[in-house]
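sequence and predicted structure are below.
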Amino acid sequence: MMKFTTLSIAVAALVISVAQGFSTSSKSSSMADEAVSIFQAAYPKKDTYKPVPWTSWGVPARDFDGTEIKKSSMQSGRRMADIDEQKCRTTFNALSKVYGQEQALEMTRIMPFILTFDSKCFAPSFQEWSDIFGSQETKEMVLRNPGLLALPPDEAATATDQTMNFSYAVAVTRPLSGILLPGLLFLLAVPTIEAVTGISIRGGLSGLFN
């Protein structure tokens, strides 16, 4: 009777373990599916990608020695975001192993482009930051600023308090990025616009604050 009871308990435990494993696997697969969908919605595939005009401004065709200068992926008609679904899944799964599935998915929502990053850097860079700030603090820092995931371990090792402080600034200003980025691009283009049109924009702007 004792042997039967022990055997029954062992079988029940095995069934529960398999069920839990299946549940975890299904959850992981579901989150990976969502991550892929988020990325594909942000960067839909294009048969031909038209490069942004200013990517070639001022770039000569050949170097001083006559060597042809290689064109960037933007100029060649291919974007960094032109990756297949398997790459998205592989990167997301690698990110999940380091930061957890929920946080990996949240970071993908914040910055879908992270699925194009080199996943081999995630774990070693996390370790470097953890040695400096602590593991939980690192997870929170990277959640605020997922762009840090692009850093290789040697650069992650040079992180300072400014890295941590900047992550707070990124998180706070993110809701305004739709306004701040176009405004910044306009300000950078002002000198060119003035040179082409002959209209003094900066003079008019400065007058608003005087």
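Right, received. Where do you want to start? Numbers count the residues shown, from 1 in each chain.

residue 138 and residue 127: what is the separation?
Residue 138 sits 9 Å away from residue 127 when distances are taken as Cβ to Cβ, to the nearest Å. (Glycine included, C-beta is placed from N, CA and C.)

no no, residue 118
When residue 118 is compared with residue 127 (using Cβ to Cβ), they lie 15 Å apart.

which SS state does residue 81 fall under?
Secondary structure state of residue 81, per DSSP: H, G, I helix; E, B strand; the rest coil, is coil.

quick one, phi psi at it?
Backbone geometry at residue 81, expressed as degrees, to the nearest 10, gives phi -80, psi 0.

what's the strand or helix carrying residue 169 packed up against?
Secondary structure from DSSP states H and E places residue 169 in helix 161-173. For helix 161-173, the packing partners by 3 or more Cβ pairs under 8 Å, 6 or more residues apart in numbering; DSSP states H and E come out as helix 135-144.

mind saving the C-alpha coords of the helix it packs on as PDB?
Coordinates of each C-alpha in helix 135-144 appear next as PDB, following Å, rounded to 0.1, in the frame of the first residue of the first chain:
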ATOM      1  CA  SER A 135      20.800  43.600 -10.800                       C
ATOM      2  CA  GLN A 136      17.300  45.000  -9.900                       C
ATOM      3  CA  GLU A 137      18.500  48.600 -10.400                       C
ATOM      4  CA  THR A 138      19.900  47.500 -13.800                       C
ATOM      5  CA  LYS A 139      16.600  46.000 -14.900                       C
ATOM      6  CA  GLU A 140      14.800  49.100 -14.000                       C
ATOM      7  CA  MET A 141      17.300  51.300 -15.700                       C
ATOM      8  CA  VAL A 142      17.200  49.400 -19.000                       C
ATOM      9  CA  LEU A 143      13.400  49.300 -18.800                       C
ATOM     10  CA  ARG A 144      13.400  53.100 -18.700                       C
END
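
which helices and strands sit right next to it?
Contacts defined by 3+ Cβ pairs under 8 Å, 6+ apart place helix 135-144 against helix 85-99, helix 101-110, helix 122-133, helix 161-173.

any idea which helix or strand of this protein has the worst average confidence?
None of the helices or strands of the chain scores lower by mean pLDDT, DSSP states H and E than helix 201-208, at a mean of 54.

stretch 150-157: which residues count as buried?
151, 153, 156 (16 or more other Cβ atoms under 10 Å).
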